[in-house]
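**Student:** Any chance you could fold what I've pasted below:
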Amino acid sequence: MSRIYGGRGRSPDATLVAVRPQPHQIVPGNLTTADFAAVGSWIDLNQAVIVDYWSGSIDIDEVLQRLARPP
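**Tutor:** Numbering: from 1, shown residues only. Below you'll find the model as predicted:
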């Protein structure tokens, strides 16, 4: 995940966030508390979609249809 809003970051600017068993930073300290809360909310809403895509159960078209935005 890019730490630059809009996803225009580069790899050195990225931080890794795991989605299972619950969202957590792989390398702590790269995100502010508020940013991690926002990312965690999005992952919570979309965990099944993310895992289905990673496992090859769905393609990108279905991902785009199923992704939800936090309220």
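
**Student:** mind listing the strands for the chain?
**Tutor:** With DSSP state E, the ranges of strands along the chain come out as 17-18, 24-25.

**Student:** Now for the protein: which helix has the highest residue count?
**Tutor:** helix 33-54 (DSSP state H).

**Student:** Tell me which residues of that helix come out buried.
**Tutor:** Going by neighbour count (16 or more other C-beta atoms under 10 Å), the buried part of helix 33-54 is 36, 39-40, 42-43, 46, 49-50, 52-53. The C-beta positions use only the backbone N, C-alpha and C, and glycine is treated the same way.

**Student:** where's that helix relative to the chain centroid, distance-wise?
**Tutor:** 5 Å (C-alpha atoms, centre = their mean, to the nearest Å).

**Student:** do stretch 49-67 as well
**Tutor:** 13 Å.

**Student:** what mean pLDDT would you report for it?
**Tutor:** In this model, stretch 49-67 has a mean pLDDT of 97.

**Student:** From the rest of the structure, what touches it?
**Tutor:** 19-20, 43, 46 (C-beta atoms under 8 Å, 6 or more residues apart in numbering).

**Student:** sorry, back to before: the strands of the chain: which one's closest to residue 70?
**Tutor:** Checking these against residue 70 by C-beta to C-beta gives strand 17-18 as the closest, at 15.0 Å.
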